[in-house]
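> sharing a model that was predicted from the sequence below.
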Amino acid sequence: MEGFGQEEVRRTATVDGVSINYYEAGSPTQAGAGLPLVMLHGGGPGASAWSNFGSALPGFAAGFRTILIDQPGFGGSDKPPVEGNYYRFAAKYVVGLLDQLGIERAHVLGNSLGGGTAVRLALENPRRVARLVLMGPGGLSLNLFHADPTEGVKRLMDFAADPSREALRAFISTMVVNQALVTDELVEERFADATAPGAREAMASMGASFWNPETFEDAMLWREAHRLRQHTLLTWGREDRVNPLDGALAALKLIPKAQLHVFPNCGHWAQIEAADEFREVTTQFLNRHVERTK
C-alpha cells in the first residue's frame, strides 16, 4: 500500500547503547483522545513488529500515531543478552524509546510475548500507559484446564532443538485455524529471520530468562494483575493453541477494569486471522478513552 511500505516507515533509535528498530505512521486524531498507539509483537521464531503488525498498520494509522517496535532480540533491533526476566528487560527499552520520541503517555497493545512486556511496562510505569490491549498475553495467561506446555509451546521448543523449515511450519500451523495462511512464502520469510545471525542466540537468551530460577517468577504477571489500573481489553482466539482461552479467566477476574473479547474460528494471531474485527474492536475500545486532569 502506497505510503506504508516497510522501508518507508522504518526508523531506528539508540537506547542505552542498543539499536531499536521501529515503524511509525499516522498522526494524532481525536481517536483514543489523541494518544499514540504502541504495538508490541509476539515472540516465536522469526517474529518481528512487521511480521505481526505490518498488515494492520494502515488501518490503525488512519486514527492513531502508530508505532510498531521490534523488541530487543527481534527483527532489526540489536540482540543483547537478556538481563533479568525478558518482560522487564524489554519494557526498559520500550520506555527508553518513548522518551526519545517525546511520548509521555500512550495506549499499548501487546501480542503474546509483547503482551507480557506491555503488562510489565504498565505495572512499573502506570502513568505512561493509558489503555491496554492484550492479545493472548504471556505472563497473564494462567492455564486452568490445559496442560503445560501447550501444543504451540511444544512446537516452539521443537524448532529450538531442530531449526528446520518443517519444524517452523509445524509451529506456525498451531498459530492459526485457517491453514491456508501457512504459505510457503510465510515459512521462508520467518525461517530467514529465525536463522539470521544472532537470532537463535537471542531466542535462547530470551527463553532462558523464563527458566532461570532467579528470574522466572518475575514473569508470573498474573500474581500482580490486581495492581493494573488501566482499562484493559483482553482478546483471545477461541481456538488459540499457544495460550488457550481458559488462560484468560484469571486475568479477567483479577484486573479490576478488564473486559474480554473472543474471536471465533481464530487462533493466536487474531490481528491476521480476524484482522477487520480485531481493528474494529480495538479502535472502539480505545475511542472510549478520556484523558482526565489531576
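Looks like it arrived, so ask away.
> what about residue 220, neighbour count?
Using other C-beta atoms under 10 Å, residue 220 is surrounded by 14 other residues. (Each C-beta comes from the backbone N, C-alpha and C, glycine too.)
> now do the contacts for the residue lying closest to it once chain neighbours are set aside.
Nearest residue to residue 220, sequence neighbours excluded (C-beta to C-beta, 6 or more residues apart in numbering): residue 139, at 6.8 Å. Listed by C-beta atoms under 8 Å, 6 or more residues apart in numbering, the contact partners of residue 139 are 87, 115-116, 119-120, 219-222.
> repeat that for residue 66.
Per C-beta under 8 Å, 6+ apart, neighbours of residue 66: 24-26, 36-37, 39, 57, 60.
> could you measure it against residue 232, distance?
19 Å (C-beta to C-beta, to the nearest Å).
> how about residue 143, nearest residue that isn't a chain neighbour?
residue 247 is the one closest to residue 143 (C-beta to C-beta, 6+ apart), at 5.0 Å.
> quick check, that neighbour in contact with residue 142.
Yes: under the criterion of C-beta atoms under 8 Å, residue 247 makes contact with residue 142 at 5.7 Å.
> neighbour-wise, which of those two wins?
Using other C-beta under 10 Å, the more surrounded residue of residue 247 and residue 142 is residue 247, with 25 against 19.
> the contacts of residue 139 in helices, which ones?
Among the contacts of residue 139, the members falling in helices (DSSP state H) are 87, 115-116, 119-120.
> and the helices in the chain, which stretches?
Going by DSSP H, the chain shows helices at 6-9, 49-53, 57-61, 86-100, 113-124, 151-161, 165-173, 184-194, 199-208, 248-254, 270-273, 275-287.
> flag every buried residue along the fourth one.
Going back to what we said before, that points to helix 86-100. Residues 86-98 are the ones in helix 86-100 that count as buried (16 or more other C-beta atoms under 10 Å).
> distance to residue 282 added to those, as JSON lines?
Shown next, in JSON lines, are those (distance: C-beta to C-beta, whole Å):
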{"residue": "86", "distance to residue 282": "24"}
{"residue": "87", "distance to residue 282": "21"}
{"residue": "88", "distance to residue 282": "25"}
{"residue": "89", "distance to residue 282": "26"}
{"residue": "90", "distance to residue 282": "21"}
{"residue": "91", "distance to residue 282": "21"}
{"residue": "92", "distance to residue 282": "25"}
{"residue": "93", "distance to residue 282": "24"}
{"residue": "94", "distance to residue 282": "19"}
{"residue": "95", "distance to residue 282": "22"}
{"residue": "96", "distance to residue 282": "25"}
{"residue": "97", "distance to residue 282": "21"}
{"residue": "98", "distance to residue 282": "20"}
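> stretch 149-164: how far from the chain's middle?
Chain-centre distance of stretch 149-164: 19 Å, with C-alpha atoms, centre = their mean, to the nearest Å.
> I should have written stretch 266-274 there, sorry.
That offset, for stretch 266-274, works out to 13 Å (C-alpha atoms, centre = their mean).
> list of residues touching that stretch?
42, 52-53, 55-56, 111-112, 135-136, 152, 174-178, 181, 235-243, 263, 265, 278.
> give me that answer again for 7 Å
52-53, 55-56, 111-112, 135-136, 152, 175-178, 181, 235, 237-243, 263, 278 (C-beta atoms under 7 Å, 6 or more residues apart in numbering).
> how about that stretch as CSV, C-alpha atoms only?
Below are the C-alpha coordinates for stretch 266-274, written out as CSV (Å, rounded to 0.1, in the frame of the first residue of the first chain):
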residue,chain,number,x,y,z
CYS,A,266,-9.4,-17.9,15.4
GLY,A,267,-6.0,-18.9,16.8
HIS,A,268,-3.1,-17.0,18.4
TRP,A,269,-2.8,-14.4,15.5
ALA,A,270,-6.1,-12.5,15.8
GLN,A,271,-4.5,-9.4,14.2
ILE,A,272,-4.1,-11.5,11.0
GLU,A,273,-6.8,-14.2,11.2
ALA,A,274,-9.6,-11.8,12.3
